[in-house]
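Peer 1: Following is a predicted model, sequence given first.
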Amino acid sequence: MMLPRTFPHSTMDRLSGNLVFGVLSDLHLTDPAVGPCDRSELFRTALERFRDRGVDGVLVCGDLTDNGFVTELEEVARVWFEVFPGGRLPDGRPVANLMFYGDHDMEGRIRKYPHVRHRYEERGLTLPQGLDEGDNRSAVWERLFGETWEPLRRVRVKGYNFLLRSVTPEYIGGSPGLAETVAAVRAENPGQSFFYAQHRTIPGTCRFRDHLWGAEDGAGECRTTLVGCSEAVAFFGHTHSSLADEQSAWQGAFTAINAGGLLNAAVPRGHENSVAISWLADDPAPFAQMPNVSSFAGHDAMIVEVEGWHLHVERLDVESGLPLGPDWEIETGPDAIARGAFGNAVRAAEAGPPPQFPDGAGITFEDIPDGANRKGEPTPQVRVCFPRAVTQPCGLRPFDYRVRVDTLAFGEPRLIIEKRVLSPGVNRPDSLDTEPPSCVFSRAELAAPGPLRFTVAPANAWGQEGGKLRIEN
C-alpha cells in the first residue's frame, strides 16, 4: 500500500480555514516553441491569485497539457516553480502539488492528430516525445517536480488526505487499488473529510446530462467506491463546464464538485445559444439560429477553505479576479448527507428571489431578411430583443431566458415554439455580463395563423423564473 506524502501544518495568516487549497482543471498548456503561450499566462495568473491567498496546495484535475508532449509538461513545471520557487510561498510555507494527468496528457492519439504535427513541421521542428511513451509519465514527472508519480497518488496536506487518480493508457476508466485505498483512508482517519479527484466526469452528479465530453468510462468505478462515503468530497474536470452555474456542485451519497476549466468555460446544452457537440447525432445545436456563447470568455478557478466538516468555496474568474457567484457553504459528513444539506432541492429552495426585468422593460423585434443559421445557411430570421434581467438582493443572477411564442388564432393561446437562451455572458462574472440578451427565430419557425403572443421570462440556474414580459404581434 502506498504511503502518503505529508506536508507540515502551518498557521494561516491570510485565511482562517484549517486547510486552504486552490482548484483548477484543464490547463491545456502548449509547447512554447509552437504556442499559443497565452495559456501559460492564464495559469500563471491563477497561481498568483492562489499564492496571494496563502494556499496550502493546488489541485489541478487533469489535462495539464494540450497534446501530451514532454515539452508541454516542462512548461507546466516552469510556470509552477516561477510562482512557487522551491514549491513554497514567499513566507517559506510549502505548497502541495496536487496535479495529475488527464486524457490529453496520457492518450497518445491526441498528439498524432495531423494539425498537431503540422505546427511542428511548418517550423522545421521534430515532434517532441509523448508523456505516454515508455516510462516518461513517471520519469519526467520525477525530473520536473522532484516527487514520485503513481497512477493513484495519496497526498496528505495539513492532516487531510487527497487521492489523485491520473488517466493512464492502461486504465482510462478505472484505477487499481482505489477501493482499497479509500477503505484505508477511512479506517485511518475516521470522522474526517477526505478529497478524491479524477479527470473524467463522475456519473450521476453535477449536471450529468449536460456534460459536454462524456463521463467516466466503464461502470463508474469511482462512484461505486464513493457511495456510502459521506466524508468524501470528489472533484473532477474534463467537462470545462462553467463554475458560474450553481449546478456545478452536487450532494447525494457524497459530495461532488465540477472543477470547471481554466482554458475555457463552456455553457450547458439545451439552449439556442449552447455549444454544439459534433459527434452527437441528436444534438439540435447545429441547426440553431444563434451562435453559441463563447466558451473562451470564461476561465475558472476555486479557492476552498476546509474546517472540520465545513467547506467554504469561492468561485473566481481568473482574469478579473471577480466572483462567478455567491460562495458555497458546504456541509459534509454523515449528518449533512443524511439531511441532504447541500442537495439540489435544499439549495433551490434557498436560492432567494429570482432575477427580474427592470421596471418599464419591453420586447422589441428586429427583422433579419438576410440572416443565416449556425450552419451558415441563408435563413430569413426575426430577433426578439429584451433587456437583461436584474439580480435581486440575496438572489441568484439571471442564467437564462425562456421565450415562448403562442398563436391567438384559435381563441385560447396555442404554443408554436419555445426556446431557452443563455445570458450572453453567463460564464463570466455577473457584473461583466452586460450585453442585452435576445432570441432568434427563423421566419419558418414562426409561421402560424393569426396574431402571435411572445412571452419572455428570466430564470436563475435552478430554472426559477421572475416576472414575464409579454407582447402581441
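Peer 2: It's in.
Peer 1: Backbone torsions only: list them for the residue lying farthest from the centre of the chain.
Peer 2: The outermost residue of the chain relative to its centre, with distances by Cα atoms, centre = their mean, is residue 411 at 46.1 Å. Main-chain torsions, residue 411, degrees, to the nearest 10: phi 90, psi -70.
Peer 1: Also residue 337?
Peer 2: Backbone phi and psi, for residue 337 under degrees, to the nearest 10, turn out to be phi -60, psi -40.
Peer 1: so who does it touch?
Peer 2: Applying Cβ atoms under 8 Å, 6 or more residues apart in numbering, we find residue 337 in contact with 230, 251, 252, 253, 254, 255. Placement of C-beta: from N, CA and C, glycine included.
Peer 1: How about residue 326?
Peer 2: Taking Cβ under 8 Å, 6+ apart, one finds residue 396 in contact with residue 326.
Peer 1: Report the secondary structure element holding it.
Peer 2: Assigned by DSSP states H and E, residue 326 belongs to no helix or strand.
Peer 1: Low-confidence ranges, the protein, go.
Peer 2: 1-17, 171-174, 208-220, 277-286 (pLDDT under 70).
Peer 1: Narrow the contacts of residue 337 to those in strands?
Peer 2: Per DSSP state E, strands hold the following members of the contacts of residue 337: 251, 255.
Peer 1: May I see the contacts of residue 337 arranged in TSV, with neighbour count as well?
Peer 2: Below are those laid out as TSV (neighbours: other Cβ atoms under 10 Å):
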residue	neighbour count
230	19
251	25
252	16
253	15
254	23
255	28
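Peer 1: quick check, nearest of the contacts of residue 337 to residue 79?
Peer 2: Distance to residue 79, by Cβ to Cβ, is smallest for residue 255 among the contacts of residue 337, at 30.0 Å.
Peer 1: hey, what's the closest one bridged with?
Peer 2: residue 233, residue 251 (DSSP bridges).
Peer 1: wouldn't it be in contact with residue 332 here?
Peer 2: Yes. Residue 255 lies in contact with residue 332 (Cβ atoms under 8 Å); the separation is 5.3 Å.
Peer 1: so what sits against both of these two?
Peer 2: By Cβ under 8 Å, 6+ apart, the residues touching both residue 255 and residue 332 are 233, 311.
Peer 1: distance of residue 201 from residue 227?
Peer 2: Per Cβ to Cβ, to the nearest Å, residue 201 is found 16 Å from residue 227.
Peer 1: between the two, which one's more packed in?
Peer 2: Each of residue 201 and residue 227 has its neighbours counted (other Cβ atoms under 10 Å); residue 201 has more, 24 against 14.
Peer 1: What's opposite the more buried one in the beta bridge?
Peer 2: Residues in a beta bridge with residue 201, per DSSP bridges, are residue 215.
Peer 1: One more: residue 366?
Peer 2: residue 383.
Peer 1: Roughly how far does it sit from residue 383?
Peer 2: For residue 366, the distance to residue 383 - Cβ to Cβ - is 4 Å.
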